[in-house]
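Trainee: Structure of the sequence below:
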Amino acid sequence: MKIKPLSDHVLIEPRKEKEKTKGGILLPQSAEKDRPEEGRVIAVGPGKKTSSGKVIPLDVKPGNKVLFTKYGPNEIKVDDKEYLIASQDDILAILE
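Mentor: Take a look at the predicted model:
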């Protein structure tokens with residue numbers, strides 16, 4: 001299934017959490033994990049419309065690695081794969 005975000009929304013594939021700590025300790029599946037704050041942009045909407053009807057294009061594009069607010073994006077699951085949908089306002093930075 002293909003997902004096409006609307007308006008100024010962005011589809012993000014969250015970064016996979018590491019199963020091992022820096023010290024080499026393996027984390028069990030039951031360990032409480034924080035929601036990721038980094039991911040890769042999969043798709044973007046056309047942009048936000050102003051009151052005059054002009055469309056303002058987004059600053060991010062598919063393939064960008066981004067940092068986003070922890071609880072801003074909405075979680076969705078499509079074909080057993082987890083994604084996040086965020087407004088461009090929830091994206092804090094593009095990682096280069």
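Trainee: Now the residue of the chain most remote from its centre. Its backbone dihedrals?
Mentor: Distance from the C-alpha centroid of the chain peaks at Ser52, with 28.9 Å (CA atoms, centre = their mean). Dihedral pair for Ser52: phi -90, psi 0, per degrees, to the nearest 10.
Trainee: check which helix or strand covers the residue most central in space within the chain.
Mentor: The C-alpha lying nearest the average C-alpha coordinate of the chain belongs to Ile12 (CA atoms, centre = their mean; 3.0 Å). In the assignment (DSSP states H and E), Ile12 maps to strand 9-14.
Trainee: Could you list every helix and strand in contact with the next helix or strand after that strand?
Mentor: Following strand 9-14 in sequence order, the next helix or strand is strand 38-44 (DSSP H and E). Using 3 or more CB pairs under 8 Å, 6 or more residues apart in numbering; DSSP states H and E, the elements in contact with strand 38-44 are strand 9-14, strand 65-68. Using the backbone N, CA and C atoms, a C-beta is placed for each residue, glycine as well.
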